[in-house]
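>>> Sequence unavailable; structure follows:
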């Protein structure tokens, strides 16, 4: 019977190890040793032209001489010999070939060309490639360890319901060993290497159908094949399999290709973050949270509510160590969660049951409660409607009396709708093991504990909206940079309110725009005019306009002599309550994104923005408004005049339809500033760059 792609990848019945070594000290001897050590029941065929026997197993001189078909070939020879093996891999029946060899895409242009040719050849032969530069993969339930990672040297492998997909081979092993030391068992682990063919998304898709996998963890360095991953994440969500990610690259880096402030603020990592949120992935900030959150994610459904601006998630904290609880509460506050005090009615109820507590954000039972009382209080908190989660902070008893310390947590009746988490203040491996066995999320650091609760309760995103194609305005260019006058036409056609603008010839300054006004050089070659001195404001009469026009032309002549000038753009001086930036970018990793942020020249100095995959609807636009702190100034903050946020939300949604433009691809666009007023919004600056 033929083997499916998923089974050939994750649970092959027969494997060939090309380049397997008879020297047990070498990396290339490890897969055979590991599989025999961990009880792989399938067929293993070591392939080595120089040996008839390897570590007690018969070896074969080539793939062509194997006694039976294989599902999966693991290649461990120098990179320049890999391509010649592919025809024999196909003839041997393999569906998947994992390439441990390096010297391909990661090594520069020549290696990239060699990798592209390898993929082309594999596809022509009907093969799928994992790697190159992949440290391998493992089926921990079946002992199929097609990997050279030393983490599998362990005498026993703890099998469980977590599966890991990693873009870093070394970190795959590190995470497995860290998690195993904490009692976390894994189902599958996959190092994707260079992702030349099989991508993270395809592995996730296969894991959705894997009966052993309950939670999927991702260690990411970048994002490739975003549409494939998006489809896989949708299937994971539908199957009830939570996905948690740790991604490198949170520090801001300038994007050399971007010509707008939007590009500088919303770099690739910000766009990837928006992508992950939109598709329901919980992105953690701390490495250990990646696996520590697994019991929480597997046991409880994340809150479905997506309110525009709700109160912070409420956590009831119960503790036997005041200082330990304070460290967690501090971190909860930093992550936008609130430790809440029990209301008076709850305090009276608990007192009637023989336990005195106080109306404080931390319920401290350090000296007050028996094990039975602790359990009673815990169950009452888990049923209470004034908190969204319960956090138990356990002190030194967790280290010296593990059974006593965690017994109430294990024995308590725990409803499915109220998350319970535990932070152990001391180093207490025995208590951690008991909690892990009981399916209770337990954390070793206050930072990881707060991280897990924060991402669990974070508002869930949704994929970008859909809509009818947006017609491109007649007469406008379909490639390259637009002038500001042309860009304003695009925005107006989308339905974004744009200030009245009139393009004047350099020698004819008659206009209908009322004074006072703004004058700008209009040119497709000048993306940012302020830096060039190509803008004048507060012009009050015709004489001042003539002087301003001369100054503008001279500024361009001196600072951008090669710029092609269309004329002088005049606009009225507009009033506002605040100014914002509205940006659009076709991100190379995730596609169209839209940004709302604090505007003006300080936009990059104090980043304050919200990013979504585009297009968005008005409801999602509202959520963006509430994420940007500066908008509080027009939302009733301290009695300040309120702005027209309804109009702002409509403008954001309309602007995001740049993602739907028919017949052109908008690479980036920007309104900076967008003025918010009491009776509407108005765009007073416009930038559009097309592919």
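Sure, I can see it. Keep in mind it's a predicted model, so treat the numbers as computed, not measured.
>>> How about the backbone phi and psi for residue 5?
The phi/psi pair for residue 5 (degrees, to the nearest 10) reads phi -60, psi -50.
>>> do the same with residue 687
phi -140, psi 130.
>>> Around residue 662, count how many other residues there are.
9 (other CB atoms under 10 Å). No exception for glycine: its C-beta is placed from N, CA and C like everyone else's.
>>> Next: residue 34.
25.
>>> Could you find the closest non-adjacent residue to it?
Using CB to CB, 6 or more residues apart in numbering and skipping residues adjacent in sequence, the residue nearest residue 34 is residue 145, 3.7 Å away.
>>> Residue 451: what secondary structure?
helix (DSSP: H, G, I helix; E, B strand; the rest coil).
>>> what domains does the record give for this protein?
With domains defined by automatic domain parsing, the chain comprises 308-457, 500-572, 578-690.
>>> so how far is the longest one off the chain centroid?
Put simply, domain 308-457 sits 29 Å off its chain's centre (CA atoms, centre = their mean, to the nearest Å).
>>> List the contacts of the longest helix seen in the chain.
Ordering each helix of the chain by length in residues (DSSP state H) puts helix 542-559 first. In this structure, residues lying in contact with helix 542-559 by CB atoms under 8 Å, 6 or more residues apart in numbering are 506, 509, 517, 519-521, 523, 526, 532-536, 539, 563, 565, 568, 570.
>>> all strands of the stretch 1-150 of the chain, in order?
Listed in chain order, the strands found in the stretch 1-150 of the chain under DSSP state E, counting those that start in this stretch are 14-18, 43-47, 53-54, 57-58, 72-75, 96-99, 128-130, 136-139, 144-147.
>>> Mind giving me the packing neighbours of the fifth one?
Packed against strand 72-75, as judged by 3 or more CB pairs under 8 Å, 6 or more residues apart in numbering; DSSP states H and E, are the following elements: strand 14-18, strand 96-99.
>>> if we go to 10 Å?
Helices and strands touching strand 72-75, as assessed by 3 or more CB pairs under 10 Å, 6 or more residues apart in numbering; DSSP states H and E, comprise helix 5-10, strand 14-18, strand 43-47, helix 86-91, strand 96-99, strand 128-130, strand 136-139, strand 144-147.
>>> Ok, which of these comes nearest residue 476?
strand 128-130 (43.8 Å; CB to CB).
>>> Buried ones in the closest one, by neighbour count?
Of the residues in strand 128-130, 128, 129, 130 count as buried by neighbour count, 16 or more other CB atoms under 10 Å.
>>> would you list the residues you listed in JSON lines and tack on distance to residue 381?
JSON lines is the format used below for those (distance: CB to CB, whole Å):
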{"residue": "128", "distance to residue 381": "50"}
{"residue": "129", "distance to residue 381": "52"}
{"residue": "130", "distance to residue 381": "47"}
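>>> Identify, from the residues you listed, the entry nearest to residue 413.
Out of those, the member with the shortest distance to residue 413 (by CB to CB) is residue 130, at 45.2 Å.
>>> nearest residue to that closest one other than its sequence neighbours?
residue 98 (4.3 Å).
>>> try residue 624
Nearest to residue 624 is residue 610, by CB to CB, 6+ apart, at 4.0 Å.
>>> which stretches of the stretch 351-500 of the chain form helices?
Remark: helices assigned in the stretch 351-500 of the chain by DSSP state H, counting those that start in this stretch are 371-383, 397-400, 402-411, 429-437, 446-457, 484-494.
>>> Can you list the buried residues in the shortest one?
It stands for helix 397-400. Across helix 397-400, burial judged by 16+ other CB under 10 Å covers 397, 398, 399.
>>> of the residues you listed, closest to residue 139?
Nearest member of the buried residues of helix 397-400 to residue 139, counting by CB to CB, is residue 398, at 34.2 Å.
>>> show me what contacts that closest one?
By CB atoms under 10 Å, 6 or more residues apart in numbering, the residues touching residue 398 are 320-321, 324, 404-406, 422-432, 434-435, 442.
>>> Before I go, just wanted to say thanks for your time.
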